[in-house]
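**Student:** give me a model of this one.
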Amino acid sequence: MARRVVIAEDEAIIRLDLKEILQDEGYDVVGETGRGDEVVDLVRRHRPDLAILDVKMPGADGLAAARAIAGLEQRVAVLILTAFSQRNLIEEAREAGVAAYLVKPFQRAELVPAIDQAVSRCEQEWAIEAEAAQVQASNGGNAQATAEDKLETRRLVDGAKDLLMERYGLAESDAFNFIQKTAMGSRSRMSDVARQVLDGTTTP
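**Tutor:** Now for the predicted structure:
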């Protein structure tokens, strides 16, 4: 089943190019707009897998739209398009819930890997959240403890991923899949497997 995509880009030519590339690559473009204040409603109505947002748009900028999309509590990955001079916005974009970014002007060959990275990172975050919810259910529903646990799990998993990528040449998604599948196979938590990866007792 094709991934469903919403596009928000105020430059009509770039928006058309994006749509054509995505359709050529097998994606289903279910909505498009040139305004940041319209894309949130498109996401709400169409429930896409991915939203591609330009940073600067009329109505609302891409980061404001990303924050609003994050508040919808829908599982949608967000990819930001940014001009080279706007790369200082990347940290702010992460805080807004953006999973990946692509610097304009971009090459056709760069788009699909950026989409894959955005979707993969969101799937990782959702997996960590699902595990944290299970832990919360088992410890009596302590929300603060769950939030702290999720942060610690994310920190450990990120560290273990970096080690697996550097030492064994794994792609980020493959490194996470190794951690997740090892945890499932041993009926342990991803944080425990991440610790084992970091201390060298578990390897691919």
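**Student:** please make it C-alpha for all contacts and neighbour counts, starting now.
**Tutor:** Noted.
**Student:** now do the helices in this protein.
**Tutor:** With helices called from DSSP state H, the chain shows them at 12-24, 36-46, 62-70, 90-95, 108-138, 143-168, 172-186, 190-198.
**Student:** in JSON lines: the ones you listed, plus mean neighbour count.
**Tutor:** Converted to JSON lines, the helices of the chain look like this (neighbours: other Cα atoms under 10 Å):
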{"stretch": "helix 12-24", "mean neighbour count": "15"}
{"stretch": "helix 36-46", "mean neighbour count": "19"}
{"stretch": "helix 62-70", "mean neighbour count": "23"}
{"stretch": "helix 90-95", "mean neighbour count": "14"}
{"stretch": "helix 108-138", "mean neighbour count": "17"}
{"stretch": "helix 143-168", "mean neighbour count": "17"}
{"stretch": "helix 172-186", "mean neighbour count": "17"}
{"stretch": "helix 190-198", "mean neighbour count": "21"}
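**Student:** for L53, which of those helices is the nearest?
**Tutor:** Of all those, helix 62-70 sits nearest to L53, with 5.4 Å by Cα to Cα.
**Student:** CA-only coordinates of that closest one in CSV, if you can.
**Tutor:** Taking Å, rounded to 0.1, in the frame of the first residue of the first chain, the C-alpha atoms of helix 62-70 are listed here in CSV:
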residue,chain,number,x,y,z
GLY,A,62,6.4,25.2,8.5
LEU,A,63,7.5,24.9,12.1
ALA,A,64,4.2,26.3,13.5
ALA,A,65,2.4,23.8,11.2
ALA,A,66,4.6,21.0,12.4
ARG,A,67,3.8,21.8,16.1
ALA,A,68,0.1,21.9,15.2
ILE,A,69,0.3,18.5,13.4
ALA,A,70,2.1,17.0,16.4
